[in-house]
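Participant: give me a 3D structure for the following:
(one chain, ligands or ions: 1)
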Amino acid sequence: MTLPVAPVTRFAPSPTGHLHLGHAASALLAFAAAREGGGRFILRIEDIDATRCRPEFEAAILEDLAWLGLAWETPVRRQSEHMADYGKALAALRAHGLLYPCFCTRADIAREIAGAANAPHGPDGPVYPGTCRGLAEAERARRIESGEPHAWRLDVAAAMAQTGPLSWEDEGRGCVAATPAMFGDVVLARKETPASYHLAVTVDDALQGVTLVTRGADLFSATHVHRLLQALLGLPTPRYRHHPLLLDETGKRFAKRDKSLTLRALREAGRTPDEVREMIARCRTAAG
Ligand code: GLU
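Facilitator: Predicted coordinates:
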């Protein structure tokens, strides 16, 4: 008989606003999964995007989650302090010949897509048409040398050719075959954000020993890319539980711009943590 392994779960918010009821539900779920399985719960601050993240939101996140009754391991990992880890992963992918510099501006890409007969759409919108994938090595080197701004994209077809078919275990959905090509060649690094969400989250879940990723169904499709990165970087694959998203009274997903149902606003209005849990239990949900 194999004993069930105590799960390591995490909640990984970006400090770009106050937490709302949807975040609270997600955090409570991760916390409960760790507790029930006799495992560990980790809180991680995903603050790579310096243009949108603010220290006051991070402080508010810690305060609001503690108020809600959650406890986590310290020190809390703050992604902005670990850029070297993501840099190492990027270097490994480059060494495998799987990254290429992309010099296209957003306007270049939009123009190219507008001119294409049938531009494919992925989960994040129109798929990058691969303009810079075929540039000659000498041209790449010359343009980088001249200081031309560029992003680093993953050559997904070449990467999948290296790894072969991939899949992951998703609770409720079973074994899911990874099809990251639907995103096109994703950006893994830019000048202003030297590690993308996809790269940082994959590296961190592995470095922190996360064995059960619980997160909203809106991030289900991102797992296709994460699974590919795990295979390329030789990282373990956690189990995934993509939970339905909470809806407000009008049937819309909660968003950071809705100020009235943030944990902060509810707390200031005199609601107790138990009342917040009850509100969450009464909310309708959507599959994402
Ligand atoms: N930082 C992401 C967000 O706030 C969540 C990342 C994840 O759970 O994988 O949307």
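Participant: and the residue in the stretch 101-250 of the chain that the ligand sits nearest to, how many residues sit next to it?
Facilitator: Closest to the ligand within the stretch 101-250 of the chain is Arg215: 3.6 Å, counting by C-beta to the nearest ligand atom. For the C-beta atoms, the positions are set from N, CA and C on the backbone; glycine is no exception. Number of residues near Arg215 (other C-beta atoms under 10 Å) recorded here: 21.
Participant: that one: which element?
Facilitator: strand 212-216 (DSSP states H and E).
Participant: output the contacting helices and strands for that strand.
Facilitator: strand 8-11, helix 21-36, strand 239-243 (3 or more C-beta pairs under 8 Å, 6 or more residues apart in numbering; DSSP states H and E).
Participant: and those as CSV, adding mean pLDDT?
Facilitator: Below are those laid out as CSV (pLDDT from 0 to 100):
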stretch, mean pLDDT
strand 8-11, 98
helix 21-36, 97
strand 239-243, 97
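Participant: now stretch 60-71, how far from the chain's geometric center?
Facilitator: 21 Å (C-alpha atoms, centre = their mean, to the nearest Å).
Participant: do stretch 91-98 as well
Facilitator: 21 Å.
Participant: can you give me the buried ones in it?
Facilitator: 93, 98 (16 or more other C-beta atoms under 10 Å).
Participant: so which residues make contact with that stretch?
Facilitator: Contact with stretch 91-98 is made by 99, 152, 154-155, 158-159, 162, 188, 232-233, as judged by C-beta atoms under 8 Å, 6 or more residues apart in numbering.
Participant: can you say which of those are buried?
Facilitator: 99, 152, 154-155, 159, 188, 232-233.
Participant: Thr193: neighbour count?
Facilitator: Residues within reach of Thr193, counting by other C-beta under 10 Å, total 16.
Participant: contacts only, for it.
Facilitator: Neighbours of Thr193 in contact, by C-beta under 8 Å, 6+ apart: 48-50.
Participant: I'd say Pro244 and Cys283 touch.
Facilitator: No: at 9.9 Å, Pro244 does not count as touching Cys283 under the criterion of C-beta atoms under 8 Å.
Participant: returning to that earlier point: CA atoms of the strand holding Arg215 as PDB?
Facilitator: Provided in PDB are the C-alpha atoms of strand 212-216 (Å, rounded to 0.1, in the frame of the first residue of the first chain):
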ATOM      1  CA  LEU A 212      -0.400  20.400  -5.800                       C
ATOM      2  CA  VAL A 213      -1.100  23.600  -7.700                       C
ATOM      3  CA  THR A 214      -4.500  24.900  -6.900                       C
ATOM      4  CA  ARG A 215      -5.500  27.900  -8.900                       C
ATOM      5  CA  GLY A 216      -8.400  29.400 -10.900                       C
END
